[in-house]
Structure formats: structure tokens, C-alpha cells
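[1] Sharing a model that was predicted from the sequence below.
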Amino acid sequence: MAAGASCAINVTFTPTAAGSRTGSITITDNAASSPQIVSLGGSGADFKVSVSPTSASVVAGNSVTYTFTVTPSFGFNAKVTLGCGGAPRGATCSASPSTVTPDGTNPITARVTVTTAVRSMPPPRSGPNLNLPRLLTRVRPTRFLWLLLLLTLVASQAMARRRRVLFRLALVMGLVLLWAACGAGGSQVDVPEGTPAGNYTLTLTGTSGAVTHGISTGLTVE
């Protein structure tokens, strides 16, 4: 450039990450102070998330609501998609609205609702639930039936007529034991349905493009 002349340098700022960014322009000339360095700065728009309350309790079958806040920084005004994870079994977690768009300055909120399921016992199994001796529970029903029939034939020949009534009573009792053995052969355990009691951690997230911020909150189900 000629002495005393001037020119304009245009700089385009395209941040690759959120937050404050720095840069510089270096101008090499024939002046004694060469090179000339001009410092540059800028901010990549971003947002922060918070939740209130930080923990909550709910009785199974009811709902509890959190307030999810998205706070913009550096003029952030893009759409943020809200998500919720970590809900216990039988419960649902959803945000309303599911997306928010800050105005670049003011925080914006959404409601996150966790709905739990009431606990109930499943219907009882068919047949009596008797605590039989271990020997009876290990005997196969078919073998027990054949043994019972064999005893019936032998006893019918040996027993006197006057004892037939007692024999029939014993036969009925044997059939009842056989039925109980068949019903007790399974290993099914009755588990209550609905949302189990306990302490859980929910993870609330806000996503805009490639940027995701999350925060955890506690949930106690009674």
C-alpha cells in the first residue's frame, strides 16, 4: 500500500463451540513495529438448563411436576428440544411443551410431568397354596396316582367291610394331596404390578443442534 493509504479488512466470525471465543488479525508491513496484531473476540450463543424442585416425592398412582428452565446466553434464540429419561418401571415422563425457543435474553420454562402407576397384586394362582413336605413336592403326580391305585386294590382285598368307610376317607384325602402337589409344582412368584417404591434419578436434557445440556433430579416413589 502507498504511504497514507487505507483499506478495509472484513472478518467473519463462525464459532465452532459455544461460549466466549478469541482470535486475532496479523498484519505484516515494513514499519518498525511490524507485525501489527489486532485482537478479536466473540461469543458462541449457548444456553443453560435448571430444574425445580431438585427432588420430589409421589405416591404410586399419582403424578408429580417439575419446572424445567432454559436460560439463553450470548443471544441464543434457537429451538431447544426437551427430553426426560430414567423414569421407573410403569411410569412415564414427558415435557410440555416438548420444545422451547428462547428470545436470546430471557429464560423460558416448561413443565415436566412424571406419572406413576398404582401398585396392585395379580390374581391368585389356581389351586391351593399348601406348604407340603419336601418329599411330597418331589413325587411326580403320575407316580403318586399309580401308587394310590395300587394301594386301593390291595387294601380293598384285605380290609373288612366295616372299614370301607375309613378307606374311602383316606382315598379322598390322598386325592386332595395329589391335587395340592400338582398346584404347588410351579415356581411362579407373585410380583406387584405398577411403579415400585424406591428412590430414582431422572435426567432432563435440552438439545439444540449438536449441543446438549442435561441436569439430574431426584424422585421418590412411596
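    Yep, it's here.
[2] for T67, what are its contacts?
    T67 sits next to 51-52, 109-112 when contact means Cβ atoms under 8 Å, 6 or more residues apart in numbering. C-beta here means a position set from N, CA and C on the backbone, and glycine is covered the same way.
[3] Partner strands of the helix or strand hosting it and their direction?
    Assigned by DSSP states H and E, T67 falls within strand 63-73. Within its sheet, strand 63-73 is paired with strand 46-52 (antiparallel), strand 108-115 (antiparallel), according to DSSP bridges.
[4] residues of stretch 13-33 that come out buried?
    Buried residues in stretch 13-33, counted by 16 or more other Cβ atoms under 10 Å: A18.
[5] I meant stretch 198-206, not that one.
    Within stretch 198-206, the residues that qualify as buried by neighbour count (16+ other Cβ under 10 Å) are 200, 202, 204-206.
[6] Make JSON lines out of the residues you listed and add pLDDT and distance to F47.
    Shown next, in JSON lines, are the buried residues of stretch 198-206 (pLDDT from 0 to 100; distance: Cβ to Cβ, whole Å):
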{"residue": "Y200", "pLDDT": "97", "distance to F47": "26"}
{"residue": "L202", "pLDDT": "97", "distance to F47": "20"}
{"residue": "L204", "pLDDT": "98", "distance to F47": "13"}
{"residue": "T205", "pLDDT": "97", "distance to F47": "12"}
{"residue": "G206", "pLDDT": "97", "distance to F47": "7"}
